[in-house]
Structures are given as structure tokens and as C-alpha cells.
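# my questions are about this predicted structure, shown below with the sequence.
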Amino acid sequence: MTASGPNGTEKAARPAFVLASASPRRLDLLAQLGLTPDRVFPADIDETPARDEQPRPYVRRMAAEKAVSVASQITDPALVLGADTVVALGRRILPKAEDRDTARACLRMLSGRRHTVLTAIHCRPTATWPNGRVCERIVETAVIFSRLTEQQIEALLDAGDWQGKAGGYALQGHAAGFIRFVSGSPSAVIGLPLFETAQLLRGQPYHWVS
């Protein structure tokens, strides 16, 4: 793709920016950087952890596989951003809560305990944009819940913002009133580490963010 420069010369047009996720939270976070994806292309991959897979290798693999999957399906020059977030208790990967029972079990395990939230981001150009760079980051954030009563857990479940969330809670939701400590990147816990994402995009050949 080309475009006319100020003196009539041709210059390469900016490749499309593609988010390999349908998460509205990631869209909102990108908007804080002044960036709106040209395309939202959710990755369709198997997110089952491998046998004995640890949280850090798992989240790195998921972000990369999402970006690779989407990049392989786009024929135009583009930069694809994949991301994944996991909640870990030691070496245990907590599931994404797709039902109330799963969310309840997660909140009971997290009650009064310190846990780790790992978010990986992976930038990958499509094959038709050879100037783009493959790059990635993993951001680790420590979070501590206060001790939750059964009544408080049920109230959080009634609020409903646990649905589809890693570990059964949303930092930006009702659970915020029970989180007494966060060390690291709050935006990473929500789904996308803003500082690290901006750094990766600034390292690409185009000025994706200011």
C-alpha cells in the first residue's frame, strides 16, 4: 500500500492495526492510548493449558498463538496485537469463570490470599509487512483480596461482572471494594498493560502512539 507524500512522492501507507481479541476492556484500554484498532479479529484457538504447564509459559504461549493465528489469516499489511491474562495461585492457573459455580470456587480460593495476575502481549506483523517487528512482554502483578464472607462472595456473584473473567473477578468492577493491595500494573490486571503496550508500539516502524 502506498500514499502520496507532501511533495508528490510516494510513501508507504501505515499498515492496519488489528486487535486479536473481542474484549471490550482491551478496546477501552487502547482508547486511553488514543488508539482505535482498524480491525477487531478475535482469535479462535484452543486455550487449554498443556499438562503441567506453568502460568508464565502458558500466558506467553496464549498471547503468541492468538497473534500468530490472526496474522496468518490477514493478507494485507498489518500489525496484530495478541494478549492473554491469567490469574495464578502459586503454580495453579485459575480458570476463566464461565458459570457461577466456577466464579464462586475462584473467589473462595482467593479470599484473604495473595495471588499473581500475569498478562502477556505479543505484537506480530503479517507476512505482507516485512518491516514490522515481532515483540512481546509479560507483566506480573501481585493482588491481595481481603477475607471474604460467604455473603460477600454471593453479593459479588450477584453483581455479575465476574462472567468470562480470569479468576472470577474484575478489578474494575465490584471486587475492587475487597482488594486491599495491588503491586504492579492495574491495567494489566484489567487486560492490557498500558505502559508496556505503548512501548512495544513505539518500537515499531510507525508512530502508533504518541
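Cool, the structure landed.

# all the strands of this protein, residue numbers only.
2-4, 10-12, 16-19, 39-40, 78-89, 92-94, 114-125, 135-145, 179-183 (DSSP state E).

# alpha carbons of the last one, as CSV, please.
To tie it back to what came earlier, the one meant is strand 179-183. Output in CSV follows, covering the C-alpha atoms of strand 179-183 (Å, rounded to 0.1, in the frame of the first residue of the first chain):
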residue,chain,number,x,y,z
ILE,A,179,-8.9,-5.8,47.0
ARG,A,180,-6.6,-4.3,49.6
PHE,A,181,-3.3,-4.5,47.8
VAL,A,182,-2.1,-4.2,44.1
SER,A,183,1.6,-4.1,43.3
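
# check which residues of that strand are buried.
residue 179 (16 or more other CB atoms under 10 Å). Using the backbone N, CA and C atoms, a C-beta is placed for each residue, glycine as well.

# returning to that earlier point: select, out of the strands of the chain, the one closest to residue 191.
Closest approach to residue 191 among these is made by strand 78-89 (5.6 Å; CB to CB).

# re earlier: which one of the strands of the chain has the lowest average pLDDT?
Lowest mean pLDDT within the strands of the chain: strand 2-4, a mean of 37.

# circling back: residue 107 is nearest to which of the strands of the chain?
strand 135-145 (7.9 Å).

# residues in contact with that closest one?
Contacting residues not belonging to strand 135-145 are listed as 56, 59-60, 63-64, 107, 110-123, 171, 175, 178-186, 188-189, 193, 196, 199-200, 203 [CB atoms under 8 Å, 6 or more residues apart in numbering].

# what strands line up against it, and which way round?
Neighbouring strands of strand 135-145 in its sheet, by DSSP bridges, are strand 114-125 (antiparallel), strand 179-183 (antiparallel).

# longest helix of this protein?
helix 55-71 (DSSP state H).

# tally of neighbours for residue 38?
Burial of residue 38 is recorded as 15 neighbouring residues (other CB atoms under 10 Å).

# can you verify my assumption that it contacts residue 14?
No: applying CB atoms under 8 Å as the test, residue 38 and residue 14 come out as separate, 9.1 Å apart.

# out of the contacts of strand 135-145, which are buried?
Buried among the contacts of strand 135-145 by 16+ other CB under 10 Å: 56, 59-60, 63-64, 107, 110-111, 115-123, 171, 175, 178-179, 184-186, 188-189, 193, 196, 200.

# and residue 96, how many residues sit next to it?
For residue 96, using other CB under 10 Å, the count is 19.

# ok, now which ones touch the closest residue to it other than its chain neighbours?
Of all residues not flanking residue 96 in the chain, residue 166 sits nearest, at 5.2 Å (CB to CB, 6 or more residues apart in numbering). Contacts for residue 166 were tallied using CB under 8 Å, 6+ apart; they are 85-87, 94-97, 117.

# can I get those residues in CSV with distance to residue 143?
Listed next are the contacts of residue 166 as CSV, based on distance: CB to CB, whole Å:
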residue, distance to residue 143
85, 12
86, 12
87, 8
94, 12
95, 17
96, 16
97, 16
117, 6
